[in-house]
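K.L.:
Quick one: sequence and predicted model below, then my questions.
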Amino acid sequence: MTYDPNDPKRTNPVDSDPAAPKEAYVEPVERRSSPLPLIIGVLLALALAYFVLQRFMTDDAVEVEGETTTVTTPEEAPEPAVDDAVTTEPAVEEAAQEAEAAAENAAADAEAAVEEAAEDAEAAADDVAAEAEAMVDDAEAAVDAAVTDAETAADDAAAQADDAAADAEAAVDGAVDDAGAMVDDAATDAEAAVDAAVTDAEAAADDAAAQADDAAAAAEAAADGAMDEADAMADDASDAASAAADDAATAADSAATAVEQAVSGAGEAVQDAATDAVDAAADAIKDASDALNSAISVEEPATGN
């Protein structure tokens, strides 16, 4: 059983294996029989028919003398008289010999014609065969040229495919390199931005800490100033209270002196003077007490948020 790779109904386990190499499809070539035998047979048949029609369908006698063929037409014999009833034997024999000679001449002519027709047919067959061989050679040359062109085209296509693959690979490599460079640049920029942000944050923190220190120092200085002012005010209040007490004592002494001096005065004048002195002393004591309380309230530190 022959194996035909172009048979659509073939069952081959190789077809189910994807790893097996694919077979190339071969275009079937139609084989035609040579027309040479038919041409030779037709030519021979035509030659035989021609010579048969020429030689045997006419009454002409053919005489061959060397290479020259002479055709003679026998004259019609006169009709015998009705009265001639007797035919001689020599005349019959002569007629038979002539007929035999004519038949031999006709056979020789037919044989020569057949040989000539065969030679002509052979020459024509040789010409046809030569032309057929030339056509076959031309077809083979055309097929070889087509195969060569196809191989050249396949080689060119393979070279172009290789070039395209190399270009694509180079483009992919370039894109990968560009992407890597862009990623590196982005990472560098991001790192620089992070470093700058960290530096800015540290500077802001340092500024905030410095401002907090300044605020604390200012608050401490304000507290110290307030304490100093409170102390000064307390001292002033204490001094004012002492002065008021001294003034009260002086006023009391003056009042006592005035009382002693006014004892000799009238009773109402003494009583009024004593009352005025007591009131003045009470007012002085009250003023001294108020000043002392104000000084004490200033010395207490103020608490705020």
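P.N.:
That came in fine, so what should we check first?
K.L.:
where do the helices sit along the stretch 1-150 of the chain?
P.N.:
36-56, 89-262 (DSSP state H, counting those that start in this stretch).
K.L.:
Lowest mean pLDDT across those, which one is that?
P.N.:
Set side by side, those give their lowest mean pLDDT on helix 89-262, at a mean of 77.
K.L.:
circling back: can you lay out the helices of the stretch 1-150 of the chain as JSON lines showing distance to residue 27?
P.N.:
(C-beta placed from N, C-alpha, C; glycine too.) Output for these, formatted as JSON lines (distance: least, Cβ to Cβ, whole Å):
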{"stretch": "helix 36-56", "distance to residue 27": "27"}
{"stretch": "helix 89-262", "distance to residue 27": "12"}
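K.L.:
Looking at these, which one is packed in the most?
P.N.:
Most buried of those, by mean neighbour count (mean count of other Cβ atoms under 10 Å): helix 36-56, with a mean of 14.
K.L.:
Return the list of helices and strands in contact with it.
P.N.:
Using 3 or more Cβ pairs under 8 Å, 6 or more residues apart in numbering; DSSP states H and E as the contact criterion, the elements in contact with helix 36-56 are helix 89-262.
K.L.:
helix or strand right after the helix it packs on?
P.N.:
helix 267-299 (DSSP states H and E).
K.L.:
still on that earlier bit, between the helices of the stretch 1-150 of the chain, which gets nearest to residue 292?
P.N.:
helix 89-262 (4.9 Å; Cβ to Cβ).
K.L.:
avg pLDDT for stretch 292-305?
P.N.:
Stretch 292-305 comes out at a mean pLDDT of 62.
K.L.:
Residue 7: which of the helices of the stretch 1-150 of the chain is closest?
P.N.:
helix 89-262 (24.1 Å).
K.L.:
Counting by contacts, list what that closest one packs against.
P.N.:
So helix 89-262, by 3+ Cβ pairs under 8 Å, 6+ apart, packs with helix 36-56, strand 61-65, helix 267-299.
K.L.:
Now tabulate the ones you listed in TSV and tack on distance to residue 183.
P.N.:
Converted to TSV, those look like this (distance: least, Cβ to Cβ, whole Å):
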stretch	distance to residue 183
helix 36-56	79
strand 61-65	110
helix 267-299	70
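K.L.:
which one of those lies closest to residue 251?
P.N.:
helix 267-299 (5.2 Å).
K.L.:
could you say what helices and strands the closest one packs with?
P.N.:
Using 3+ Cβ pairs under 8 Å, 6+ apart, helix 267-299 is in contact with helix 89-262.
K.L.:
Report the angle between the helix it packs on and helix 267-299.
P.N.:
160 degrees (axes from the mean of the first three to the mean of the last three Cα atoms, to 10 degrees).
K.L.:
Model confidence score at residue 85, please.
P.N.:
Model confidence at residue 85 (pLDDT) stands at 41.
K.L.:
picking that back up, quick check: which of the helices of the stretch 1-150 of the chain is nearest to residue 6?
P.N.:
Among the helices of the stretch 1-150 of the chain, helix 89-262 sits nearest to residue 6 (Cβ to Cβ), with 18.7 Å.
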